[in-house]
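S.K.: Structure for the following, please:
(one chain, ligands or ions: 1)
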Amino acid sequence: MNTGIKIRAEIAGTGMFLPRKVLTNADLEKTLDTSDEWIRTRTGICERRIADEDESSSTLAIQAGKMALESAKILPNELDLIIVCTSTPDILFPATACFVQNGLDAINAAAYDISAVCSGFVFGLSIAEQYIKSGKYRYVLIVGSETNSRIVDWSDRSTCILFGDGAGAIVLKKNEINEPRGLLSTHIHSDGSKSDLIIVPGGIGKKNISHEAIDRKEYFIHMSGNSTFKAAVKRMVEVSKEALDFNELSVEDIGLVIPHQANRRIIDAVTEKLGIPQEKIFINIEKYGNTSSASIPIALHEASQASLIKPGSLILLVVVGAGLTWGAALIRW
Ligand code: UT7
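M.R.: Numbering: from 1, shown residues only. Sure thing, here's the model as predicted:
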């Protein structure tokens, strides 16, 4: 007899952590040929957080992870797996996830990093979904954590104004229920032919690290802003439609969109093309800038804390990042 009971992946808890130090547009005006007005109107960003010397992607991730575990009401030793999504790992190896596992005392969890830059969290969610839905794992912690301030060129006004530091986390949990609740589906894509759009070109395995390469600023973010902007809008619209079509849902069914917070104008263009009204879009870019893989889990945590997500409501996560990578997830809360 088919009871309809299926293994589903549900969000059991969320968390976030941000460094205390705030860098405002007015602060940037003092060191760069820029203005608060330009940054606000072109990006929607007013301020961003900057990690202190004793902070790193792992320390931010540990704090966000602790909050997510508390909110999920589970103990660290119940975690089966920790996935840290980061493009600013503490060091080349071991994986930042191993420092997080140790910091959380999650002794039973395997731990590894994934690199999909801003799309990291949705890619990580997609991996965790497979472990849970296959029945292999019960609890997976997914953390997006970044210290972008360490890899931006603070003399490049076209990039440094955009990025900020922070971490967001969720616990994904196995549940056996009959109604279609929790993570409905994830959709991820890559186009390596567009790898030049946003890149930190400095070699590690490709060539030896040299003083010359460091002087040429090869270990900082280089970005073609305009082309990235256009690609971001196109891919985010496309993958949002793909997620809705896959679940036989429509734009009208969406309760809240949590888009990657890269640029307010990208979010506006995407949601306008999809026909989603302003009140259904969560935006916090003004406070944190682009925190890369941390952007969506931070926004998800803030939206749930602000009671903007009601039980049963449909949430669309949508992202684009260097690679080029892009993805979406639909969640029935
Ligand atoms: O997570 C995914 C990663 N990144 C993104 O999604 C970013 C996507 N791109 C963007 O957000 C936008 O392209 C930027 C915000 C980076 C730039 O905005 P834009 O409207 O595309 O500006 P632009 O690059 O076309 O530059 C317009 C002008 C240029 O001056 P000229 O050549 O017209 O004289 C720039 O030099 O604005 C100048 N400019 C600035 N002026 C003041 C660039 N950055 C600044 C700045 N302050 N910070």
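S.K.: Residues of this structure that sit close to the ligand?
M.R.: Residues of the chain found near the ligand (Cβ under 6 Å from any ligand atom) are 34, 38-39, 42-43, 118, 157-158, 161, 198, 225-226, 228-229, 232, 262-263, 266, 290, 320-321. (C-beta placed from N, C-alpha, C; glycine too.)
S.K.: List buried residues within those.
M.R.: 34, 39, 42-43, 118, 157, 161, 198, 228-229, 232, 262-263, 266, 290, 320-321 (16 or more other Cβ atoms under 10 Å).
S.K.: Mind checking which of these land in strands?
M.R.: Counting by DSSP state E, the part of those found in strands is 198, 320-321.
S.K.: can you redo those as JSON lines with pLDDT?
M.R.: Shown next, in JSON lines, are those (pLDDT from 0 to 100):
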{"residue": "198", "pLDDT": "97"}
{"residue": "320", "pLDDT": "98"}
{"residue": "321", "pLDDT": "98"}
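S.K.: mind putting those residues in CSV, distance to residue 140 included?
M.R.: Below are those laid out as CSV (distance: Cβ to Cβ, whole Å):
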residue, distance to residue 140
198, 28
320, 24
321, 21
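S.K.: residue ranges with poor pLDDT in the stretch 201-333 of the chain?
M.R.: Scanning the stretch 201-333 of the chain for pLDDT under 70 picks out no residues.
S.K.: Show me where it has its strands.
M.R.: 222-223, 254-259, 314-321, 325-332 (DSSP state E, counting those that start in this stretch).
S.K.: Which strands and helices lie in contact with the last one?
M.R.: What it means is strand 325-332. helix 120-133, strand 182-190, helix 225-246, strand 314-321 (3 or more Cβ pairs under 8 Å, 6 or more residues apart in numbering; DSSP states H and E).
S.K.: Just the residues contacting the third one, thanks.
M.R.: Surrounding helix 225-246, the residues in contact under the criterion Cβ atoms under 8 Å, 6 or more residues apart in numbering are 158-159, 185, 187, 189, 194, 197-198, 250-251, 253-254, 257, 259-260, 262-263, 265-266, 269-270, 273-274, 316, 318-320, 324, 326-330.
S.K.: Only C-alpha atoms, please: export it in PDB.
M.R.: Provided in PDB are the C-alpha atoms of helix 225-246 (Å, rounded to 0.1, in the frame of the first residue of the first chain):
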ATOM      1  CA  GLY A 225      30.600  44.800 -13.600                       C
ATOM      2  CA  ASN A 226      28.300  45.500 -16.500                       C
ATOM      3  CA  SER A 227      28.600  42.100 -18.100                       C
ATOM      4  CA  THR A 228      28.100  40.400 -14.700                       C
ATOM      5  CA  PHE A 229      25.000  42.500 -14.100                       C
ATOM      6  CA  LYS A 230      23.400  41.500 -17.400                       C
ATOM      7  CA  ALA A 231      24.300  37.800 -17.000                       C
ATOM      8  CA  ALA A 232      23.000  37.900 -13.400                       C
ATOM      9  CA  VAL A 233      19.600  39.200 -14.400                       C
ATOM     10  CA  LYS A 234      19.200  36.700 -17.300                       C
ATOM     11  CA  ARG A 235      20.200  33.700 -15.300                       C
ATOM     12  CA  MET A 236      18.200  34.500 -12.100                       C
ATOM     13  CA  VAL A 237      15.000  35.000 -14.100                       C
ATOM     14  CA  GLU A 238      15.700  31.700 -16.100                       C
ATOM     15  CA  VAL A 239      16.400  29.600 -13.000                       C
ATOM     16  CA  SER A 240      13.400  31.000 -11.000                       C
ATOM     17  CA  LYS A 241      11.100  30.000 -13.900                       C
ATOM     18  CA  GLU A 242      12.800  26.600 -14.000                       C
ATOM     19  CA  ALA A 243      12.100  26.000 -10.300                       C
ATOM     20  CA  LEU A 244       8.500  27.000 -10.500                       C
ATOM     21  CA  ASP A 245       7.800  25.000 -13.700                       C
ATOM     22  CA  PHE A 246       9.500  21.900 -12.100                       C
END
